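Engineer: with the sequence up front, the predicted model follows.
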Amino acid sequence: MIGKIRKMIEIDEDLCDGCAQCIPNCPEGALQIIDGKARLVSETSCDGLGACLGHCPTGALKVVEREAEPYAAHHTGECPGSRSMYLSDNVPKAGASASGSRPSELRNWPVQLHLINPDAPYLEGADLLLAADCVPFAMASFHEEILQGRVLIILCPKLDKDSEIYIEKLAHIFATKGIKSITIAHMEVPCCFGILQLVKEAQASAGTSIPINEKIISIRGQVKK
């Protein structure tokens, strides 16, 4: 049964060289290489948000609006590495493990914004943490000081392309998931401040006013704000 007009990935076969770089970057597992070309193998698996676009070196992928079957968020064709998982059962209550190492506070998988399913159950009513890619590496106490109790999304406004896709995905999350709070953690370098602007634009698009707490991290790993 054909559904409504919605956004879908379209592949230009003349431009596609079959490099397969788009395949692991489709969080829904909707793309496959068939006969040397990338193919959309399931309309219901394509969320139309275009996470794969920035990974095509020839520009063969684009998002179009056309009549298509409805998107099914919980399908069986997901890429295993991008399958949405809630990890709360694996988060230690408190203190160090038996080996003396610090416990992980990560509660969700995946964490990269390109790969996150905006309808993932773990987003419901979440306290959201949007962190620049570099923050967990610079800040040794990232897990216990910032990540604890929050659902993590990481991104890089400097390196990641197609900010409109980010804004659209975040707007969907803000508008539909009852997000309780948003914490932004980014480095002190100028390009990192773009995350705050992305969130503001997404909130404007969603018509929401979720509280934002901004944390600025120095390149030596100290919280400056």
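Structural biologist: Everything's here; your move.

Engineer: pretty sure Ala30 is touching Gly48, no?
Structural biologist: No: if you go by C-beta atoms under 8 Å, Ala30 and Gly48 don't touch, sitting 9.8 Å apart. Any C-beta I mention is one placed from the backbone N, CA and C, and that applies to glycine too.

Engineer: what sits in contact with each of these two?
Structural biologist: Ile9 (C-beta atoms under 8 Å, 6 or more residues apart in numbering).

Engineer: among these two, which residue is more densely surrounded?
Structural biologist: Here Ala30 and Gly48 are compared on neighbour count by other C-beta atoms under 10 Å; more neighbours surround Ala30, at 26 against 19.

Engineer: so who does that one touch?
Structural biologist: Residues in contact with Ala30 (C-beta under 8 Å, 6+ apart) are Ile9, Leu40, Val41, Ser42, Ser45, Cys46, Gly77.

Engineer: can you check Ser205 too?
Structural biologist: Each residue near Ser205 by C-beta under 8 Å, 6+ apart is listed here: Ile167, Glu168, Ala171.

Engineer: go again using 10 Å as the cut-off
Structural biologist: Ile167, Glu168, Leu170, Ala171, His172, Phe174, Ala175 (C-beta atoms under 10 Å, 6 or more residues apart in numbering).

Engineer: Ser218 now?
Structural biologist: Here Ser218 is in contact with Ala138, Met139, Met187, Glu188, Val189, Lys224, Lys225 (C-beta under 10 Å, 6+ apart).

Engineer: what about 7 Å?
Structural biologist: Residues near Ser218 by C-beta atoms under 7 Å, 6 or more residues apart in numbering: Glu188, Lys224.

Engineer: over to Ile182?
Structural biologist: Neighbouring residues of Ile182 by C-beta under 7 Å, 6+ apart: Leu128, Leu130, Val199, Ile210, Pro211, Ile212.

Engineer: next, count neighbours for Gln203.
Structural biologist: Using other C-beta under 10 Å, Gln203 has 20 other residues around it.

Engineer: pLDDT averaged over the helix or strand hosting it - what is it?
Structural biologist: Gln203 belongs to helix 194-206 when assigned by DSSP states H and E. Mean pLDDT, helix 194-206: 95.

Engineer: what do you get for stretch 54-65?
Structural biologist: Mean predicted lDDT for stretch 54-65 stands at 90.

Engineer: heads up, I number from 677, so please use that
Structural biologist: Happy to do that; since the first residue is 677 now, the last one works out to stretch 730-741.

Engineer: what strands line up against the helix or strand bottoming out on mean pLDDT in the chain, and which way round?
Structural biologist: Every helix and strand in the chain was compared by mean pLDDT, DSSP states H and E; the lowest is strand 761-762, with a mean of 78. Note on strand 761-762: by DSSP bridges, its sheet partners are strand 784-785 (antiparallel).

Engineer: packing partners of the helix or strand following the partner strand?
Structural biologist: Using DSSP H and E, the helix or strand that follows strand 784-785 in sequence is strand 803-808. Contacts defined by 3 or more C-beta pairs under 7 Å, 6 or more residues apart in numbering; DSSP states H and E place strand 803-808 against strand 827-831, strand 857-863, helix 870-882.
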